[in-house]
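Asks: Sequence and predicted structure, then a few things I'm wondering about:
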Amino acid sequence: MTSIVRGPVLECHRIGKRFGGIVALENVDFDLYPGEVHGVVGSNGAGKSTLMKILAGALADYEGEISVAGQPVKITSPQIAFHLGMAMVYQEFSGVGQLSVAENLFLGRQPLNRLGFVDWPLMRQKAREYLKELGLHLDVDRRLDTYPLVVRQMVEIARAAHRGARILIMDEPTSALSPPEVERLFELIKTLKQRGVAIVFISHFLEDVLAISDRVTVLREGRRVLTLPRAELTKHKLVEAMIGRGVSTGAEREEWAELPPRVSAPPVLIAEKLTLPGIFEDVSLAVAPGEILGLYGFVGAGHQEVVQALGGALAPRSGKIILGGRTIPLGRPQKAVRAGMVLVTADRAAGLFLRGEVYKNVTIAHLRHAVGNWVTLAKELRAVQPVLQQVGCRPANPLLRVEHLSGGNQQKVVFAKWLLGPVRVLLLEEPTRGMDIAAKAEVMQLVERLARQGTAVILASTEPELILAHSHRVMVMSRGKVTAEWAGCRLEKAELLRAA
């Protein structure tokens, strides 16, 4: 860790927060220094998001004391957090894709000319100059949504810094990025460090935390259990602190996998020459009952869009989808669901009504199938309780609002929703995105159990470790095309990455 001679820019003492009878945070101390990257890790439900929402002003009712630059403050709104120099860059992008890079950088603060109109030449000039200072050489007139995810992420970070933020809170900034893109983002973070910006780096990717952080804090069950300099930490030590017991990190499954022989049973799902111009081209695949087909690629490879197309969320220009011998219309999600093919997307929020109770989220897709024509609360609760226990949702309280669950348990609610109806093919797009090691294991154990019961699974992910650990057969996509396939052999991680 680099030596820091100045005092902390942020100090938190005895921070506490409860949601009803549930303790989210208890007596948490946390501090941050100028020019420091302070990593924060913990299992789902450990309190990371709650602490950061307090700092961002999203949760005004909290216990404890907060000081910024040595001055006691009470953060009761995002506006107060902003005026204190704090900004949060969320996992979901908040930029406006239809606007240019310059417009996003100056959003709400456009320079005006003497007539009171936007001074477009000045705005473009200042945007170029500022981005150049950060090492970003971009066409500031180009629409933001035409750039890859990593650039959009960096523009969002640059916007926060440009508004004068002294403290940047980054929530899972690398979760949707490929390894080369992560390195590009890290270069921007290092530049901001040199400018004295203090950064809180929240991530479930422990390798990323160890690569970029000066110090790391571990939260467990709402309490701080460890804060140490990076030099004193290993991935295994972080995992032990997060889980609270000695565990295997699964390192032996991170570098290679022994794939079983190809399944001889006839496929339940066949896709023939699916094409969506500019996204993927001539993609053909098949998956048998009980088989887990891993579909790997970097962000933008097209594999995530393929599973969306199979589930009807995207409509390919051409191709054919055959499920159980019957052709499924392209771009018709209702038809796919009725045929028993369901899609679990990477965006959990898109499949959930976060302010609604758990039971409403679970029954909504198969209400008549679950409770019949006469709907009552008692019948819904009786239908939901067994499936919540089946997926391991904690707490298994169907009356709890979904927004009060951790990310991992929200994902389990999504699984519970589909398990109320018939599932022949399960399409998974980044099913463990944003989850800690323990939550990932629980979700993937559920997936493997469904496969053993005869469900065909297509697992699309940008995480090679996830693909190696759980796939029976592996296909790789790059730039919209299938580039490799393996079955019945030993597959090395290096070989998988080369094909991508």
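Replies: Alright, I've got the coordinates.

Asks: Please identify the helix or strand for the nearest residue to residue 292 once chain neighbours are set aside.
Replies: Nearest residue to residue 292, sequence neighbours excluded (CB to CB, 6 or more residues apart in numbering): residue 457, at 4.4 Å. For the C-beta atoms, the positions are set from N, CA and C on the backbone; glycine is no exception. In the assignment (DSSP states H and E), residue 457 maps to strand 456-461.

Asks: surely residue 344 meets residue 423?
Replies: No: contact criterion CB atoms under 8 Å: residue 344 and residue 423 do not qualify, at 10.4 Å.

Asks: next SSE after the helix or strand of the chain with the lowest mean pLDDT?
Replies: Within the chain, confidence by mean pLDDT, DSSP states H and E is lowest for helix 367-371 among all helices and strands, at a mean of 73. On the C-terminal side of helix 367-371, the closest following helix or strand by DSSP H and E is helix 377-391.

Asks: I'd like to know which elements that next one is packed against.
Replies: helix 358-363, helix 367-371, helix 407-419 (3 or more CB pairs under 8 Å, 6 or more residues apart in numbering; DSSP states H and E).

Asks: who touches the first one?
Replies: This points to helix 358-363. If you take CB atoms under 8 Å, 6 or more residues apart in numbering as the criterion, helix 358-363 is touched by 352-353, 370-371, 380-381, 383-384, 387-388, 393, 397-402, 405, 413, 416-417, 420.

Asks: Let's see that with 7 Å instead.
Replies: 352-353, 370-371, 380-381, 383-384, 387, 397-400, 402, 413, 416-417, 420 (CB atoms under 7 Å, 6 or more residues apart in numbering).

Asks: Can you list the low-confidence ranges for the stretch 401-500 of the chain?
Replies: 434, 436 (pLDDT under 70).

Asks: Just the element for the spatially closest residue to residue 145 that is not a sequence neighbour, please.
Replies: In this structure, residue 145 finds its nearest non-sequential neighbour in residue 97, 2.9 Å apart by CB to CB, 6+ apart. Using DSSP H and E, residue 97 sits within no helix or strand.

Asks: picking up where we left off before, what number of residues lie near the residue nearest to residue 292?
Replies: 24 (other CB atoms under 10 Å).

Asks: ok, now which ones touch it?
Replies: So residue 457 contacts 292, 293, 426, 428, 447, 450, 451 (CB under 7 Å, 6+ apart).

Asks: Roughly how far does it sit from residue 287?
Replies: 7 Å (CB to CB, to the nearest Å).

Asks: for residue 96, same thing?
Replies: 38 Å.

Asks: Comparing the two, which residue is more hemmed in?
Replies: residue 287 (24 against 13).

Asks: separation between the more buried one and residue 214?
Replies: 45 Å.

Asks: Does residue 160 lie in a helix or a strand, and which?
Replies: helix 149-162.

Asks: mind listing what's buried in that helix?
Replies: Neighbour-count burial for helix 149-162, counted by 16 or more other CB atoms under 10 Å, picks out 150-162.

Asks: Kindly report the same for stretch 213-227.
Replies: 213, 214, 215, 216, 217, 218, 219, 220, 222, 224, 226.

Asks: give the contact list for the first one.
Replies: Taking CB under 7 Å, 6+ apart as the definition of contact, the neighbours of residue 213 are 37, 38, 39, 201, 230.

Asks: count of neighbours near the closest residue to it other than its chain neighbours?
Replies: Computed as CB to CB, 6+ apart, the closest residue to residue 213 that is not its neighbour in sequence is residue 39, at 3.4 Å. By the criterion of other CB under 10 Å, residue 39 has 26 neighbours.

Asks: Ok, the one 3 residues further on next?
Replies: If you count neighbours by other CB under 10 Å, residue 42 ends up with 28.

Asks: Tell me if I'm right that it and residue 51 touch.
Replies: No: using CB atoms under 7 Å, residue 42 makes no contact with residue 51, being 9.6 Å away.

Asks: Can you check the pLDDT for residue 374?
Replies: For residue 374, the model assigns a pLDDT of 83.

Asks: got a list of what it touches?
Replies: Taking CB under 7 Å, 6+ apart as the definition, residue 374 has no contacts.

Asks: Now it, what are its backbone angles?
Replies: phi -100, psi 110 (degrees, to the nearest 10).

Asks: swap in residue 429?
Replies: phi -110, psi 110.

Asks: list the contacts for the closest residue to residue 192 other than its chain neighbours?
Replies: Distances taken as CB to CB, 6+ apart place residue 161 nearest to residue 192, at 6.0 Å, with adjacent residues excluded. By CB under 7 Å, 6+ apart, the contact list for residue 161 reads 168, 192, 197.

Asks: Now render these as CSV, adding pLDDT.
Replies: Output for the contacts of residue 161, formatted as CSV (pLDDT from 0 to 100):
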residue, pLDDT
168, 94
192, 92
197, 94
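
Asks: Filter those residues down to the ones in helices?
Replies: Secondary structure assignment by DSSP state H places residue 192 of the contacts of residue 161 in helices.

Asks: Surely residue 335 is in contact with residue 326?
Replies: No: the criterion here is CB under 7 Å, and residue 335 misses it with residue 326 at 9.8 Å.

Asks: Name the residue in those two with the higher neighbour count.
Replies: Neighbour comparison, residue 335 and residue 326: the larger count goes to residue 335, with 17 against 9 (by other CB under 10 Å).

Asks: Buried residues of the strand holding residue 457, list them for me.
Replies: 456, 457, 458, 459, 460, 461.

Asks: The first one bridge partners, please.
Replies: The residues paired with residue 456 through beta bridges, assigned by DSSP bridges, are residue 425.

Asks: residue contacts, it?
Replies: Counting by CB under 7 Å, 6+ apart, residue 456 has contacts 268, 269, 287, 288, 289, 290, 291, 424, 425.

Asks: Give me the PyMOL select line for those residues, limited to the buried ones.
Replies: To isolate the buried members of the contacts of residue 456 in PyMOL, using 16+ other CB under 10 Å:
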select buried, resi 268+269+287+288+289+290+291+424+425
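
Asks: Name the nearest of the contacts of residue 456 relative to residue 66.
Replies: Set against residue 66, the nearest of the contacts of residue 456 by CB to CB is residue 425 (49.1 Å).

Asks: Return the alpha-carbon coordinates of the strand holding residue 457 using PDB.
Replies: Presented in PDB, the C-alpha positions along strand 456-461 are these (Å, rounded to 0.1, in the frame of the first residue of the first chain):
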ATOM      1  CA  ALA A 456     -32.000 -29.100 -20.300                       C
ATOM      2  CA  VAL A 457     -29.800 -26.100 -19.400                       C
ATOM      3  CA  ILE A 458     -28.000 -23.600 -21.600                       C
ATOM      4  CA  LEU A 459     -25.600 -21.600 -19.400                       C
ATOM      5  CA  ALA A 460     -24.300 -18.400 -21.100                       C
ATOM      6  CA  SER A 461     -21.500 -16.600 -19.200                       C
END
